[in-house]
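[1] Sequence first, then the predicted structure, then my questions.
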Amino acid sequence: MSWLKPLATAATLLVATFSFAQAQQGYGEWNEETYEEDLDIRVFTREVANSELKEFKGITHIKAPVSAFVALLKDTDVSTEWMKDVVEYEVLDEVSETESLVYTVNAAPWPVTNRDAVIRSKMSQDENMAVTVQLSAEPDGKAKHDDYVRMPALTGFWKFTPQADGVVEVVYQVHANPGGSLPTWLVNSIVVETPLETLTNLHGKVVEEKYQGQTFAFMQPATEAAPVEEVAAE
């Protein structure tokens, strides 16, 4: 997999390029926390002003069509099989092919209370054929459950950008307010383990036959690789 090295290097350079601008907006610099070499998964975190939980960003590269990633995200019946610690996933409102409101429950180790969230998801494709899935919390979108702590805020995105040779760069970036209080050891593990395990599972899941060859009205097929400069994290 010789193509991994230049892609990984480019991704690291992009992180550095944007660090100064982000610092001016209440964000710290991105720091690489771990690198899983076999699957080419890098996890970065950064401090966010007035937040105990860091923002995370996972970056990897997978040989699969962009449409396969969209198909997997739309297959909500299997979301609990590959999304780290997600034990319940329910679509509350399928607004359109590109927008939905979902309810999730995230498991936490005892004695920490499980968290739940209501998240609006919006998909779009840009001129480089990259698909972005914007995520934002709507905490009042469903009545609160007595057994869970509702997450009051979450912002993030998935981004799938076609590269050369049928490879897609995957960026998974999220910052959340978990609500309540969490022990430091758990806070520190969430921001690394969540993207690392989710992207690890994604590698095995998105290549399944049922996700290949699907088409969606909002998408055009990727005909050529997008410039690396277009896939910078936001």
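    Yep, it's here.
[2] so who does the most centrally placed residue in the chain touch?
    Nearest to the geometric centre of the chain sits Tyr172, at 2.8 Å (C-alpha atoms, centre = their mean). By C-beta atoms under 8 Å, 6 or more residues apart in numbering, the contact set of Tyr172 is Lys57, Gly58, Ile59, Gly156, Phe157, Trp158, Pro195, Thr198, Leu199. C-beta: built from backbone N, CA, C; applies to glycine.
[3] Equivalent analysis for Leu154, please.
    Per C-beta under 8 Å, 6+ apart, neighbours of Leu154: Ala117, Ile119, Leu135, Ser136, Ala137, Val174, His175, Ala176, Asn177.
[4] filter these to the buried ones?
    Using 16 or more other C-beta atoms under 10 Å as the burial test, those include Ala117, Ile119, Leu135, Ala137, Val174, His175, Ala176, Asn177 as buried.
[5] Now do the strands in the protein.
    31-36, 41-46, 55-63, 86-94, 99-106, 115-125, 131-137, 149-150, 153-162, 167-177 (DSSP state E).
[6] so can I have TSV of the ones you listed showing distance to Phe216?
    TSV is the format used below for the strands of the chain (distance: least, C-beta to C-beta, whole Å):
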stretch	distance to Phe216
strand 31-36	30
strand 41-46	26
strand 55-63	18
strand 86-94	14
strand 99-106	13
strand 115-125	8
strand 131-137	9
strand 149-150	31
strand 153-162	12
strand 167-177	15
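[7] Save those as TSV, and put in mean pLDDT and distance to Thr215 too.
    Conversion of the strands of the chain to TSV gives the following (pLDDT from 0 to 100; distance: least, C-beta to C-beta, whole Å):
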stretch	mean pLDDT	distance to Thr215
strand 31-36	98	32
strand 41-46	98	28
strand 55-63	98	19
strand 86-94	98	18
strand 99-106	98	18
strand 115-125	98	12
strand 131-137	98	13
strand 149-150	98	37
strand 153-162	98	15
strand 167-177	97	16
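[8] now for those, which one comes closest to Thr80?
    strand 86-94 (5.3 Å; C-beta to C-beta).
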